[in-house]
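Participant: Structure here, sequence nowhere to be found:
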């Protein structure tokens, strides 16, 4: 049968199409109810939001004295020096080679010593869990909570290329990139692959903001399944750290740390192929597959099938008894675990069509199905730990050729852990052309399946790599052509999720370093009567970046978060280099607002040397500055700042 019971390997899939026409029609039925329900609210709230800058007269993102009041003058000088270094394009462009040269000539002790006191202090909280507390306490004193992230990564250059990967680390064409909707950007690529010739390279997609950021590709080093189990233990420690904080917060995980990247790409290829069957079946392009269309498809795959077998298979998908199936029902009830049996049945019945060949090439083998189950078990263990501890778990987005596998993972977890209060947050990258479409489908899916939708909205950080891959493999780039298109799409996605917050109690992490986006989000909250706290709207920026946004929001009662990474210096170097690239991009058109405010505050302290943070009363200094965890009394006091 084409489909089995949902209780098998409930693997969510991403919509595929090899032809552009499906992009215009496949969401019509899936999202019609959602669009009708929210269109009026969107128009009203968007208009209201456009009439405000922040719509909150108490917010002043340029109040540098308040923003830096708890920073010592020495810290401000270090911050200025690091950010200034990030504005020097040749230095940032050649950062990796410069670090390698320094290590070979000066040695690790000197090289890492310099990095520890500059870039590590700027963008990371320390090298181990115990080092986190001074940063966490300083943030809490300003009403800011932490998103704990173990940021240790391995250099791609150190990894052995897999079969199908060239010396430059370019992925094989077995799993094409998607446009963010789950739509394949290349026709027939899966069929052209003779097997799992897939890359081992994955990307840590942080909450980057600008589509023109220079990307540095990094991956967890995959050695074996035991390595993945060790990563589970690391993430469990991060969850435990977050659970100790008053009010709890977020922990971030990367799915590529929990399974072989080759497996993730294989899963993504198979998931895309499953949903491409919907396109093939939907011959009239109305967004539905009726009985006649289904029978025609079924006969191509299983030529010996009897009419009663076809009818039973259709009924398995059409549980609502409507006589037609849309993409949400289709993707929910056909699973990766079914694929080995489907391929074997096609072989026995002598199927020899283009569809059967493509499905056979894309299908997982039984061993891969078992590895996929092991991956889900690892992520499920983390989700269970987070849920029982009151911690929210953010699933980081990664490269488009891994994203379908990551998306299905978040969907499976959401079915269990987002029933009343959301624990699992999936990440949506607005620089992808299809992200708005995918967002609408996923919100409608959550409504149908009875769980609370939760998302982190970012712009994206890997434009160059995605575009280069599209050129190399000959498919349309999944990235918007201009930064304004990305801005517009981010705003549209943000408005849609804000409406869903009101309508269905959804939750969103507005992860952006763009002040205009933050102001729009605040204005949207005011227009919809969404309160700053307890509403499910959160704001997040990376540690060491855009402090004027995070600190201003936190000091005025909004649910503000800093992404707080940590890890051994030799393993977080890739992360630090990415932050240098990202800041270089942000400051490419001139000196950033943060640099301007740093100069103003330093000048103010030079003029008034006894008014700086070094001379603040003890009561106003960050608790736990000696690295100790706060006492219950101090924790209670600091929680009141939020």
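Facilitator: Okay, I see it. Remember, it's a predicted structure, so these values are computed and weren't measured experimentally.

Participant: Only C-alpha atoms from now on, for both contacts and neighbour counts.
Facilitator: Will do.

Participant: What are the boundaries of the helices in the stretch 251-400 of the chain?
Facilitator: With DSSP state H, counting those that start in this stretch applied, the stretch 251-400 of the chain shows helices at 261-281, 291-301, 307-317, 327-333, 339-348, 354-362, 366-389, listed in chain order.

Participant: The longest one: which residues count as buried?
Facilitator: Of the residues in helix 366-389, those with enough neighbours to count as buried (16 or more other CA atoms under 10 Å) are 368-369, 371-376, 378-380, 382-387.

Participant: again, but for the second one
Facilitator: By neighbour count on 16+ other CA under 10 Å, the buried set for helix 291-301 is 291, 293, 294, 295, 297, 298, 300, 301.

Participant: Switch those over to JSON lines; also include distance to residue 97.
Facilitator: Formatted as JSON lines, these follow (distance: CA to CA, whole Å):
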{"residue": "291", "distance to residue 97": "60"}
{"residue": "293", "distance to residue 97": "57"}
{"residue": "294", "distance to residue 97": "56"}
{"residue": "295", "distance to residue 97": "59"}
{"residue": "297", "distance to residue 97": "54"}
{"residue": "298", "distance to residue 97": "55"}
{"residue": "300", "distance to residue 97": "54"}
{"residue": "301", "distance to residue 97": "53"}
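
Participant: just those residues now: which is nearest residue 411?
Facilitator: Each of those was scored against residue 411 by CA to CA, and residue 294 proved nearest at 25.6 Å.

Participant: quick one: the closest one and residue 315 touch, right?
Facilitator: No - because the distance of 10.7 Å does not satisfy CA atoms under 8 Å, residue 294 is recorded as not touching residue 315.

Participant: Could you give the separation of stretch 287-305 from the chain centroid?
Facilitator: Taking the mean of its C-alpha atoms, stretch 287-305 sits 36 Å from the chain's own mean (CA atoms, centre = their mean, to the nearest Å).

Participant: Endpoints of that stretch, how far apart?
Facilitator: 25 Å (CA to CA, to the nearest Å).

Participant: quick one: which of the helices of the stretch 251-400 of the chain has the weakest pLDDT on average?
Facilitator: With a mean of 85, helix 327-333 has the lowest mean pLDDT of these.

Participant: Check which helices and strands that one is in contact with.
Facilitator: On a contact count with 3 or more CA pairs under 8 Å, 6 or more residues apart in numbering; DSSP states H and E, helix 327-333 meets helix 21-50, helix 261-281, helix 307-317.

Participant: Swap in 7 Å and give it another go.
Facilitator: In terms of contacts (3 or more CA pairs under 7 Å, 6 or more residues apart in numbering; DSSP states H and E), helix 327-333 is packed against helix 307-317.

Participant: in the helix it packs on, what counts as buried?
Facilitator: The neighbour-count check on helix 307-317 (16+ other CA under 10 Å) flags 310, 313, 314, 315, 316, 317 as buried.

Participant: Next, format those residues as TSV and append distance to residue 457.
Facilitator: Converted to TSV, the buried residues of helix 307-317 look like this (distance: CA to CA, whole Å):
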residue	distance to residue 457
310	41
313	38
314	36
315	37
316	35
317	32
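
Participant: from these, which is closest to residue 439?
Facilitator: When the buried residues of helix 307-317 are compared for distance to residue 439 (CA to CA), residue 317 comes out closest, at 22.9 Å.

Participant: mind checking how far residue 261 is from residue 283?
Facilitator: Here the criterion is CA to CA. By it, residue 261 lies 35 Å from residue 283.

Participant: Give me the more crowded residue out of those two.
Facilitator: Set side by side, residue 261 and residue 283 show unequal neighbour counts under other CA atoms under 10 Å, the larger going to residue 261 at 23 against 16.

Participant: roughly how far apart are the more buried one and residue 334?
Facilitator: Looking at residue 261 against residue 334, where the rule is CA to CA, the gap reads 23 Å.

Participant: and what of residue 369?
Facilitator: Residue 369 sits 14 Å away from residue 334 when distances are taken as CA to CA.

Participant: try residue 262
Facilitator: The gap separating residue 262 from residue 334 is 22 Å, by CA to CA.

Participant: Surely residue 475 is in a helix?
Facilitator: No - Residue 475 sits outside any helix when classified using DSSP: H, G, I helix; E, B strand; the rest coil, being coil.

Participant: ok, now which ones touch residue 330?
Facilitator: For residue 330, the contacting residues are residue 317, by CA atoms under 7 Å, 6 or more residues apart in numbering.

Participant: hang on, the earlier thing: make a markdown table out of the helices of the stretch 251-400 of the chain and add distance to residue 463.
Facilitator: As requested, those are exported to a markdown table (distance: least, CA to CA, whole Å):
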| stretch | distance to residue 463 |
| --- | --- |
| helix 261-281 | 19 |
| helix 291-301 | 37 |
| helix 307-317 | 38 |
| helix 327-333 | 29 |
| helix 339-348 | 33 |
| helix 354-362 | 27 |
| helix 366-389 | 27 |
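
Participant: among these, which is nearest residue 59?
Facilitator: Proximity of those to residue 59 was assessed by CA to CA; the nearest stretch is helix 366-389, lying at 32.7 Å.

Participant: What lies in contact with the closest one?
Facilitator: 232, 236, 239, 243, 258-259, 337, 340, 392-393, 409, 413, 417, 423.

Participant: Just flag the most distant two among these.
Facilitator: So, those by CA to CA: farthest apart are 243 and 340, at 41.1 Å.

Participant: Tell me the spacing between residue 568 and residue 542.
Facilitator: Shown here: residue 568 relative to residue 542, a distance of 18 Å by CA to CA.
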